[in-house]
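Participant: what's the 3D shape of this:
(chains A and B)
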Amino acid sequence: MSEQLDDKAVEDVTIDPQAQADPLFAPQPVAGKTRDWKSFPAEEKFQQPLGYPGPKPDDWKERALAKMDELRGKFRSFRVFLDICVKCGACTDKCHYYMGTGDARNMPVGRQDLLRSVYRRYFTLPGKWFPSLVGARELTEEVLDEWYTYYFQCSECRRCSVYCPYGIDTAEITMAAREILDSVGVGMKYTNEIIGKVFGIGNNLGLPKPALQSTLEDLEEEIEEDTGVKVRLPLDEPADVLLVTPSADFFAEPHIDGLIGYAKVFHATGEKWTLSSYASEAANFAMFIGSYENMRRIALRIRKAAIDLGVKRIIIGECGHAWRAAYSFLNTLAGPFDFLDPNYPVPQHICEYTWDAIQKGKLRFNKEENDWIKLTYHDSCNVARASRMGDYPGGQFDIPRNIIKAVCNNYYEMPEDTIKEATLCCGGGGGLLTDDLIPLRKAGGSPRMKALKQVREEHGVNKMAAICAICKSQFTKVMPDHGFAIDDIMSVHQLVSNAIILPGSEQEAERDGADDEREKETSA
Amino acid sequence: MAYEVNGKTVEHDEEGYITNLSEWSKELAEVIAKAENIDMTEEHWEVVNFLREYYDEYQIAPAIRVLVKAMKKKFGPEKGNNKYLYELFPYGPAKQACKIAGLPKPTGCV
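Facilitator: Residues are numbered from 1 along each chain as shown, chains lettered A, B, ... in the order given. Take a look at the predicted model:
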């Protein structure tokens, strides 16, 4: 019945096409529109390696409430966020999943209330005495099911928290909800299978060392074919710098071009660097499911690899949430890192490294190599809103752009309210980059796509760059629906790779030869 | 969740990847391909066979880049490119071709 009414309500609203083209357009709310968009649940074999139970135990309700009690005691923020909301409505139209689906449960406050209502019923006095007066409700199978659905329709991008006058962070509530769900055997297949692979093999992909070694050798060959220079991609070799990068950089497009870019930068600066087969993953999916224990287990792999290889510095590749996990949590999860060189940040971002090298004049570029590109840049949520780069606020916005502008002549920004701290999620973050959530990913990606189309129309932008493995993979799936090609999403270090002139390379000979010619011409 | 091949059932997961890799056969590949709306041609088999050989050696599917390079070496540039592979396997050579080749799905940020 309510479904029918809702559908009618939607039909009755005539939407101005101009409003619809607005990246931040928010539709009328519809209850339960995406209630059937569910990801595959994790079987017992995917739960067990993470220390979670398999099928839901009989006493699931007691366990869930005990977990909630534990979390509200452990994390003061979680408790404050549940207590403090005044229902002002500032967040309601700020979530890309709400903008893309119109489901009222995808309004950040709607999402929070799924858990807040249960918290009130069991952990606040008014909720215990007068539940119906304060929106408190029992924890039932239906409620648990609703949690599973809608807490896996949040990418933990934190855009809503920017607009909340109290700074309520829905991502933290989502993480807590997922941890509660896991603790009663209701896990998500995509995230949990992947975390198990990190424990077993060392990376999300399940890429064993011989395969990694062979891929890296292939890339070395490719770089030599393109430049005439032997650029190494060392694996498990003693070095000064350990590069930890998302395993997608060894596998997917355009990620792998970014990896080639890092290798060229290290080669040009003469850095002694290495990858590790043991810590062959920068991503930390345990953050997505709010599991401190599993997050720590993954982070400790980086520490062990750094010690075993005797490095002085740790650098993280292009990966959004990995940078949050590393920048904000690595030290508390796996520190102290007193064995590393204190003259460098622990950890350091590859963009910080490259920008530093550019400023010191260590890299030479031919920007014209990127002249066929009209570029815009997508700020990835975890870099933009959950971390920093450089030594001042906003460095995480400037440094990637500084690099881009050093290697690219044609650069254009998307609308102001869709970039930097207001950036829109790609639609696939937070553990949602799975094929079983494609409709959600496409809907959630649509606000970003509208902003992109705006700069395509205004400036002829034909490529977008990002520094996050998830964003890149997500955009290869979403952009083709909007008239872009699958390779119109690029790695920032792919642009660097295109433009860099390696010492002793064919590009250098060509360039300097050309300069000589020009000099001759001008002198004649 | 299972495929039927010559009166035998072969279990698969929610997305159609077979759960016991040793149960793969050429006949099964044809069945999986049909479920994916793909008619297996010689060109499809070239890719599937390479994936299986690579998997035998490395216990994982190759990166697209590696696949493209290998195809180029073996069959020339008109078959060694992304576009060609996506024409054969519209849902992506990594995932769709792996499924038909009876290999596990590549996971992670891919």
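Participant: can you tell me the centre-most residue of chain A?
Facilitator: With distances taken as Cα atoms, centre = their mean, the residue of chain A nearest its centroid is A:Gly320 (3.8 Å).
Participant: hmm, A:Arg79 is touching A:Met68, no?
Facilitator: No - applying Cβ atoms under 8 Å, one finds A:Arg79 not in contact with A:Met68, separated by 10.1 Å. Where you see a C-beta, it was placed from the backbone N, CA and C, and this is true even at glycine.
Participant: higher neighbour count, the two?
Facilitator: For A:Arg79 and A:Met68, the more surrounded residue by other Cβ atoms under 10 Å in any protein chain shown is A:Met68, and the numbers stand at 23 against 16.
Participant: wasn't the more buried one part of a strand?
Facilitator: No - with DSSP: H, G, I helix; E, B strand; the rest coil as the criterion, A:Met68 is located in helix rather than a strand.
Participant: tell me which residues touch it, please.
Facilitator: For A:Met68, the contacting residues are A:115, A:118-119, A:122-123, A:176, A:180, by Cβ atoms under 8 Å, 6 or more residues apart in numbering or on different chains.
Participant: can you rerun that using 7 Å?
Facilitator: A:119, A:180 (Cβ atoms under 7 Å, 6 or more residues apart in numbering or on different chains).
Participant: so what's it scoring on pLDDT?
Facilitator: What the model reports as pLDDT for A:Met68 is 98.
Participant: number of residues surrounding the closest residue to B:Pro93 other than its chain neighbours?
Facilitator: What sits nearest to B:Pro93 in space, not counting adjacent residues and going by Cβ to Cβ, 6 or more residues apart in numbering or on different chains, is B:Leu85, at 4.1 Å. Using other Cβ under 10 Å, B:Leu85 has 22 other residues around it.
Participant: chain center to whatever helix or strand B:Leu85 lives in: distance?
Facilitator: Secondary structure from DSSP states H and E places B:Leu85 in helix B:82-88. How far helix B:82-88 lies from its chain's middle: 13 Å, per Cα atoms, centre = their mean, to the nearest Å.
Participant: and it, what's buried?
Facilitator: By neighbour count with 16 or more other Cβ atoms under 10 Å in any protein chain shown, helix B:82-88 contains the buried residues B:84-85, B:88.
Participant: go on, stretch A:270-285?
Facilitator: Applying 16+ other Cβ under 10 Å to stretch A:270-285 flags A:271, A:273-285 as buried.
Participant: repeat for stretch A:385-396
Facilitator: A:385-390, A:395-396.
Participant: same check on stretch A:363-372?
Facilitator: A:363-366, A:369-370.
Participant: show me what from chain B comes close to chain A.
Facilitator: Counting by Cβ under 7 Å from any Cβ of the partner chain, chain B comes close to chain A at B:14-15, B:58-60, B:63-66, B:69, B:106-110.
Participant: re the thing from before, let me have the buried residues of helix B:82-88 in CSV, adding pLDDT as columns.
Facilitator: Output for these, formatted as CSV (pLDDT from 0 to 100):
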residue, pLDDT
B:Tyr84, 93
B:Leu85, 93
B:Leu88, 95
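Participant: out of the residues you listed, who's nearest A:Lys189?
Facilitator: B:Leu85 (26.9 Å; Cβ to Cβ).
Participant: quick check, that closest one in contact with B:Gly92.
Facilitator: No - here B:Leu85 does not reach B:Gly92: they are 8.5 Å apart, not a contact under Cβ atoms under 7 Å.
Participant: doesn't A:Leu495 belong to a helix?
Facilitator: Yes - assessed by three-state DSSP, A:Leu495 belongs to a helix.
Participant: now it: how far from A:Val407?
Facilitator: The spacing between A:Leu495 and A:Val407, counted by Cβ to Cβ, to the nearest Å, is 5 Å.
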